[in-house]
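[1] sequence first, then the predicted structure, then my questions.
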Amino acid sequence: MAIQDIHTHEFKGIFSLQEVVFDKACVVHESEQIEDYSIFYIKEGKGSYQIDFKSYSFDGNVLFFLSPGQVFSVDTEKIKKAYRIRFVRDFYCIQTHDKEVSCNGVLFNNVYETPFVHPNLSELSKLDHIITELSEEFKLGETAQYDMLQSYLKQFIVLSVRIKKGTKPVVAEKSTPLFKDFSTLVDVHFKKQHAIGFYADRLGVSPKSLSKHFLRVGLLKPSEYLKNRIILEAKRKLLYADSSIKNIAYDLGFNDPAYFTRFFTKASGQSPKKYKASF
């Protein structure tokens, strides 16, 4: 990676801010699996990234947000400066703060929506101010630093949510809670529960009503969403887990590894063995 300079601030291994200055274009072919929650803030750049096996391109100032387990790699990029904020759940819990911040499923833990957020000049100024204050707080090391750092992180996330919601198409208000609750349940239970009836029951609706609701607001069928989530996790495990295909099948709730192989092959066009070999 063609990096000119890196400045790293870290708090007890649970929260960090990195400022990276590049001197020329950079290409990274090797992918990485994200371990902590990560926010990338790119200034004046363009490039193409692979996130969970999908390609996304950008040109200009951009933010994007990755959750633990996601797979990330750089195809090409040309950037003047970038920031990376990392934090663990113990420092700032996305789920706990979701009622007041509403970032779960909007910025983080949303594996099917375009991950980029494009701030305008006014919003860039506000983001830069928070980054500056955050950097200064790291250097001070004063009393209650944990609370101050968490406060600046929260400000950055809240502002990012506002920017995201201000630039994305408006979806019918009634659809948001049900889809969000469904996707949250899927993320928790998809390894063991493969029947839509389980999720419909937990949501207090019938499977038919759930499907009609998704159709009405232009979303994938609940069964397709669930299938895609299982396939995504299977791909991650095939690349990064030190496990046999048989054990991956069991871990994803398939009692019959042969059925898992057919399921994966039909959805991805390759057998698990061929998919793993291709990477």
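    Alright, I've got the coordinates.
[2] for the strand or helix carrying residue 248, list every residue counted as buried.
    Using DSSP states H and E, residue 248 sits in helix 245-251. Neighbour-count burial for helix 245-251 flags 245, 248-250 (criterion: 16 or more other Cβ atoms under 10 Å). Where you see a C-beta, it was placed from the backbone N, CA and C, and this is true even at glycine.
[3] hmm, who's touching it?
    The contact list for helix 245-251 (Cβ atoms under 8 Å, 6 or more residues apart in numbering) reads 191, 234, 237-238, 241, 243, 256-257, 259-261, 272-273, 276.
[4] ok, 6 Å please
    Applying Cβ atoms under 6 Å, 6 or more residues apart in numbering, the contact partners of helix 245-251 are 237, 257, 260, 272.
[5] the first one falls within a helix, correct?
    Yes - note on residue 237: a helix contains this position according to DSSP: H, G, I helix; E, B strand; the rest coil.
[6] any idea how far the residue lying closest to it once chain neighbours are set aside is from residue 150?
    Spatial nearest neighbour of residue 237, excluding adjacent residues (Cβ to Cβ, 6 or more residues apart in numbering): residue 248 at 4.8 Å. Residue 248 sits 36 Å away from residue 150, going by Cβ to Cβ, to the nearest Å.
[7] distance from stretch 230-237 to the middle of the chain?
    Distance, stretch centre to chain centre, for stretch 230-237: 14 Å (Cα atoms, centre = their mean, to the nearest Å).
[8] and what of stretch 45-63?
    Using Cα atoms, centre = their mean, the mean C-alpha position of stretch 45-63 is found 13 Å from that of the whole chain.
[9] how about stretch 203-213?
    With Cα atoms, centre = their mean, you get 26 Å for stretch 203-213.
[10] and for that stretch, what are the contacting residues?
    178, 181, 196-197, 200, 221-222.
[11] just the terminal-to-terminal distance for stretch 139-147.
    Start-to-end span of stretch 139-147 (Cα to Cα, to the nearest Å) is 15 Å.
[12] buried residues in it?
    Applying 16+ other Cβ under 10 Å to stretch 139-147 flags no residue as buried.
[13] hang on, the earlier thing: which of the contacts of stretch 203-213 are buried? Put it as a ChimeraX command.
    Here is the ChimeraX command that picks out the buried ones among the contacts of stretch 203-213, judged by 16+ other Cβ under 10 Å:
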select :178,196,200,222
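[14] which one of the contacts of stretch 203-213 is nearest residue 63?
    residue 181 (25.7 Å; Cβ to Cβ).
[15] still on that earlier bit, quick one: the helix holding residue 248 to chain centroid distance?
    On the basis of Cα atoms, centre = their mean, helix 245-251 sits 24 Å off its chain's mean C-alpha point.
[16] can you list the contacts of stretch 203-213 in CSV and add distance to residue 78 and secondary structure?
    CSV is the format used below for these (distance: Cβ to Cβ, whole Å; DSSP: H, G, I helix; E, B strand; the rest coil):
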residue, distance to residue 78, secondary structure
178, 41, helix
181, 41, helix
196, 44, helix
197, 49, helix
200, 47, helix
221, 40, coil
222, 41, helix
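[17] nearest to residue 154, of the contacts of stretch 203-213?
    Nearest to residue 154 among these: residue 181, at 23.2 Å, using Cβ to Cβ.
[18] number of nearby residues for the closest residue to that closest one other than its chain neighbours?
    With Cβ to Cβ, 6+ apart as the criterion, residue 181 has its nearest non-adjacent residue at 5.9 Å, and that residue is residue 203. Neighbourhood size, residue 203 [other Cβ atoms under 10 Å]: 18.
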